[in-house]
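Colleague: Okay, predicted coordinates and the sequence, questions at the end:
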Amino acid sequence: MSASAPAPAPAAGERTEWRGEDVELDDVARRLARMNHEHARAGGHAGHGHAATRTLNLLVAPGADVADALVEGWLDALATRHPSRTIVLREHDPARLDALVAIDCALGCAAGATGWCHDTAVLRADAARLRHGDSLVHALLVAGLPTVLWLPGARESPAEGVLAPLAEAVVLDSGAAPDLPAALARAARLDAAAGREAGTRGTLAGARGPGAAARSAGRVRDLAWQRLARWRQRVAATFDDPHARALLARAERLEVRCGGDDRTASLLLAGWIAARAGWTLERLDDDGARWHGSARRADGGGVAVAVGSPAAAGEPRAGVAPTDAPALGALAIGPPPPAPPRAEPGGIHALTLVAAGGERLRLDEPVAEPDARRAFAAALRSFDLPAPGYAPALAALRAGLGLEAAA
Amino acid sequence: MSAATAAATATANPFAQDVGERLPEPSTLVLFGATGDLAARKLLPAVYDLLADGQLPERFRVVAVARQGHTDASFRERVREAIAAHARHELDDALWDALEPRISVVAGAFGSPELFGDLAAHLDAADQENGGPTQRLFYLAVAPAFFADIATSLCEAGLGRGADPPTRLLIEKPFGHDLRSALELNARIARAFDESQVFRIDHYLGKETVQNLLVLRFANGIFEPLWNRTAVDHVQITVAEDLGIGLRAGYYDRAGALRDVIQNHALQLLSLVAMEPPASFEADVVRDEKAKALRAVRAPDPACDAVRGRYAAGWIGGEHVPGYRDEEGVPDDSRTETYAALRLEVDNWRWADVPFHLRTGKRLARRATEIAIAFKPAPHLPFRDAGMEVAANELIVAVQPNEGISLRIAAKVPGTEMRVRPVQMDFQYGSAFLRESPEAYERLLHDALLGDPTLFTRADEVAEAWRIVDPLLAAWAADDDEPEPYEAGGDGPPGADELLAREGRAWRPL
């Protein structure tokens, strides 16, 4: 084993780190504890001792398709409001364990400032070790805190399967996956696996509480779904209007127009609408730019579904029948027409529902969707809340794609 | 309409079940005093921040009621500047392009009846043009002298009690200047608007930490058993400011610290500390408990339960600052207090004999709003060193600037000797959750749009708070005593220290 000498304890706003090659896990755990201790002592000497406020353990198991810099960038973006002990598990080729332990701290000395401190352990190991990744993290998790597993990237880490049962929630982004059916299957699999063992280490009440064994469903926090939060709010607000609900009952076409980079969020929105409107998605086909499909209303009527970028399909304002019927009040925002929102990955531009007779309902006000990092922060903040609607949306899409029902 | 359609129309909104944070109903926010300081610094930025956070309904408009001479274009420019200067979110062109056309101006004088006819016509026309009726919120960011008149005029224009579409009235403290005027104001407003339409803003209630106080008390099992006279020695509520009165001499010299802070913010904090557990978090259930707590507060004796002070010149942050009477706009013979400290008792089973000490002041050593629950000391210290003093436990709820909660406990100093020293366990609100807290005005505006009055002060709470401070106001107005001077940048007048020293207690250092 070789390791660099520990750096001196940090002053305010500094990072202390330790790197070790071919280490044992015990070394890492001891180092982490010692660095935290030294840091607290140094802070005390400087007159601003601290007590860490941690709210969760954040496990990170990136796929091989995710660059270190990307993960670090996202974690850095959280840094000033980072409540976790972060443990990153990465795969490398050598058959050994390498580790990096870091403490980042900034103490809020100025009036109105808030100090923060967090620690991170990055473990690099070969696939064989990672397949037993749970044994690598047990000693590093802060007891008594909930654990969230974040799985950046579309490719699976070898550790994914063993870490999921430790976590109360799993954060992933099905929008990042090129293969939608595979992404949906992964989400369903993780949803079933997550949290299976979390209660044994989480809170005492969690371990003993009623239903502890059955608390495994609804554990996936999909960032693609998270980014839809405001669109879902808007859709819900729109259908408060009985006229809009009447139109929904007669809908013949649903179109979600979005930027080209990520169609999954838009598809989830369409799936959710279909599920909650009581439609059955019967078919979904990908022509490379758009998803086309058909759904069956509860009264037997058919609904055409189109999701994607109209520009790519060469179909301006695709499929919306021209109509003289007045736009529904709830949807007509005063003149002048709003500027088109800037295309961003996952950005939805408009949602259109066309009913028999050509009457239509269109939502196209710019929505300030949270960007990916904000969605990530929101997912971490609300990991303990159910994500209502996600499972029905997934199930509708799986039905449309002809996959078996979600596990 | 077919039978199937009718059935679908009759059913509930199928999407509502999946959305926790609902958007408000389509709304029009009517701002009286739209060109004033509060609108520029707080209200308009709050509107934008709500928009940027996706918290505004699809159909939302802002109508500014302003003096003659303002146009849509000139006011929109002011709004843009206010947002750029004060909003949490950066000004985004796409959002601004969506917001700008929804801002319009109705010009006229508050005293003129035509204004309100024009306003009603403007609102109806805007609704007509934009797809249907919207609820109307009238925000009176104007001098309190106008509250009752504007409310009456709104009612006469058909925009008050029983209006269709529904309306709400938002007003900001001060609600009256003593008990009598507050009751009069409540009565005049009650003739124009139903109490359920009236949202009285105390922006302290919009602060996350203040709401968190309810969570701390009622979502944790370990505190409530101690939250009473058995374990609590006394409670201190501090609202300290390092600033002077700035350009507000005209208002402040008539108000003073007691009216400006104690009657509203400090007593609201007291009611949250002292209240009994509400059965639910419904607005009137919570407000019933708060009002009940205020009703239990014994009116203080001006002779022995209160101290007033006035800041003299001093140094703050390395700058020499003038005394209160030397501030611009303050009369030389002013007797207004810039500091007030009170000792209150809450006459109920929970709090009998537990004093609540309230203090507020301008030009104190630092800006700090906090609630300190001082617990009784351990009854017996089983350590050999008899001379050892151990500080009693204290739970501090810091409201600003560093929102958080800390608990002082005793710990052993490492070593062979048995020595005990206090240590602080901190929970910092900002660092524990991955979200910037919304500004208080955002939260309150959003709640008002949703029609949730939980965080607003009810008429009876206002009246009770005035009942508590009224004897002091009367006594201080009647006597010829000057407020006790204190040095700017200090901890307040010596009399305030004596108020606690008499009973063997001391203020927490600022």
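Modeller: Received, thanks.
Colleague: Next one, pLDDT for residue A:65 please.
Modeller: Residue A:65 is assigned a pLDDT of 88 by the prediction.
Colleague: Below-threshold pLDDT in chain B: ranges please.
Modeller: For chain B, the stretches with pLDDT under 70 are B:1-10, B:384-388, B:428-437.
Colleague: Report the residue ranges of every domain in it.
Modeller: Chain B breaks down into these domains under automatic domain parsing: B:3-172, B:206-376+B:434-442+B:456-501.
Colleague: Start and end of the last one, how far apart?
Modeller: Okay, so that is domain B:206-376+B:434-442+B:456-501. End-to-end distance for domain B:206-376+B:434-442+B:456-501, by CA to CA, to the nearest Å: 34 Å.
Colleague: Name the residue closest to the centre of chain A, please.
Modeller: residue A:223 (2.7 Å; CA atoms, centre = their mean).
Colleague: Against chain B, how distant is that residue?
Modeller: Applying CB to the nearest CB, to the nearest Å, the value for residue A:223 to chain B is 14 Å. (Each C-beta comes from the backbone N, C-alpha and C, glycine too.)
Colleague: Relative to chain A, which of the domains of chain B is closest?
Modeller: Smallest distance to chain A across the domains of chain B (CB to the nearest CB): 3.1 Å, for domain B:3-172.
Colleague: before we move on, the earlier item: which one of the domains of chain B lies closest to residue A:305?
Modeller: Minimum separation from residue A:305 across these (CB to CB) falls at domain B:3-172, 16.7 Å.
Colleague: related to what we said a few turns ago, with mean neighbour count and distance to residue A:159 added, can I get the domains of chain B in TSV?
Modeller: Output for those, formatted as TSV (neighbours: other CB atoms under 10 Å in any protein chain shown; distance: least, CB to CB, whole Å):
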stretch	mean neighbour count	distance to residue A:159
domain B:3-172	18	32
domain B:206-376+B:434-442+B:456-501	19	24
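Colleague: Let's have the ones you listed in JSON lines, adding distance to residue A:130.
Modeller: Formatted as JSON lines, the domains of chain B follow (distance: least, CB to CB, whole Å):
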{"stretch": "domain B:3-172", "distance to residue A:130": "36"}
{"stretch": "domain B:206-376+B:434-442+B:456-501", "distance to residue A:130": "27"}
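Colleague: can you redo the ones you listed as a markdown table with distance to chain A?
Modeller: Below are the domains of chain B laid out as a markdown table (distance: least, CB to the nearest CB, whole Å):
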| stretch | distance to chain A |
| --- | --- |
| domain B:3-172 | 3 |
| domain B:206-376+B:434-442+B:456-501 | 4 |
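Colleague: List just the one of the ones you listed that sits closest to residue A:77.
Modeller: With CB to CB as the measure, domain B:206-376+B:434-442+B:456-501 is the member of the domains of chain B nearest residue A:77 (10.2 Å).
Colleague: quick one: the residue nearest to the centre of chain A and residue A:170 touch, right?
Modeller: No. Judged on CB atoms under 8 Å, residue A:223 makes no contact with residue A:170 at a distance of 11.2 Å.
Colleague: how near is the one residue in the stretch 101-250 of chain A that gets nearest to chain B to residue B:14?
Modeller: Nearest residue of the stretch 101-250 of chain A to chain B (CB to the nearest CB) works out as residue A:249 at 3.1 Å. Look at residue A:249 and residue B:14: by CB to CB, to the nearest Å, they are 10 Å apart.
Colleague: Can you work out which residues contact both of the two?
Modeller: Counting by CB atoms under 8 Å, 6 or more residues apart in numbering or on different chains, residue A:249 and residue B:14 have no shared contacts at all.
Colleague: For the residue of the stretch 101-250 of chain A closest to chain B, grab the count of nearby residues.
Modeller: Using other CB atoms under 10 Å in any protein chain shown, the number of residues around residue A:249 comes to 23.
Colleague: Run through the strands of the stretch 301-407 of chain A in chain order.
Modeller: With DSSP state E, counting those that start in this stretch as the criterion, the stretch 301-407 of chain A has strands at A:302-308, A:348-355, A:360-363.
Colleague: would you turn those strands into JSON lines with mean pLDDT, mean neighbour count and distance to chain B?
Modeller: Putting those into JSON lines (pLDDT from 0 to 100; neighbours: other CB atoms under 10 Å in any protein chain shown; distance: least, CB to the nearest CB, whole Å) gives the following:
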{"stretch": "strand A:302-308", "mean pLDDT": "93", "mean neighbour count": "21", "distance to chain B": "14"}
{"stretch": "strand A:348-355", "mean pLDDT": "89", "mean neighbour count": "22", "distance to chain B": "9"}
{"stretch": "strand A:360-363", "mean pLDDT": "90", "mean neighbour count": "20", "distance to chain B": "8"}
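Colleague: nearest to residue A:154, of these?
Modeller: strand A:302-308 (19.3 Å).
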